[in-house]
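1. For reference, the sequence and a predicted model appear below.
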Amino acid sequence: MTPTLSHRLDAVARNLVPAALGVLFVLLSTIPFYIPGFGAVAPNFVLMAVFFWAVHRVDLFTSVTVFFIGLLLDILVGTPPGINAAVLVLVRTVAASQGKVFRGKSFLVLWWGFGLVAFAAGFVIWALTAIYHFALVNPMPIVFQMTMTVAVFPFLAWIFARTHQKLFQHI
């Protein structure tokens, strides 16, 4: 029995959800909030999305997809080209390689792992930015941003987990 067109379209739509959420969070990251100093310390929602989907659905979240999501983020936010793209691919690679460690464990293990990865990613972003500008950059904004990112992760992970459960429970 061959699948009908509607079943194939449904499968394609479900498979595009992680990438679509990544692009959505890139677009949300570009919304200007008129709060002084918030832009520098706003949570990195794209990093959270990449980590979660790389752990839970690595087959749907390829390095190429993550690279283009990161490049779009670089272009829209105005960071040096390739920095977020490279860091997000690195995060995806680490999360995918350690997926067995995080899947099936308590949420605290996932959160702890995300915290380690987020602060490592923050350090890499800081180092690459300093190298790009050929100057020592103040690390405090990235420390605060990663702290906010780790603090907000449980809320976004809950949304991602519900989305994952609803979309892929039959697969």
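-> Received it, and whenever you're ready, just let me know what you need.
2. since we're on residue 120, how many residues are nearby?
-> 15 (other C-beta atoms under 10 Å). (C-beta placed from N, C-alpha, C; glycine too.)
3. right, and the helix or strand after the helix or strand where it lies?
-> For residue 120, the host element (DSSP states H and E) is helix 107-133. Per DSSP H and E, the first helix or strand lying C-terminal to helix 107-133 is helix 140-168.
4. now the angle from the helix holding residue 120 to helix 140-168?
-> 130 degrees (axes from the mean of the first three to the mean of the last three C-alpha atoms, to 10 degrees).
5. mean confidence for helix 107-133?
-> The pLDDT scores in helix 107-133 average 95.
6. Going by neighbour count, list what's buried in it.
-> Within helix 107-133, the residues that count as buried by 16 or more other C-beta atoms under 10 Å are 110, 113-115, 117-119, 121-122, 124-126, 128-129.
7. Put together CSV for these, with distance to residue 15 on each row.
-> Listed next are the buried residues of helix 107-133 as CSV, based on distance: C-beta to C-beta, whole Å:
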residue, distance to residue 15
110, 23
113, 25
114, 24
115, 29
117, 24
118, 26
119, 31
121, 26
122, 30
124, 29
125, 29
126, 34
128, 31
129, 34
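8. which one among the residues you listed gets closest to residue 31?
-> residue 125 (20.4 Å; C-beta to C-beta).
9. Confirm for me that the closest one is in contact with residue 86.
-> No: Residue 125 is beyond contact range of residue 86, at 9.3 Å (criterion: C-beta atoms under 8 Å).
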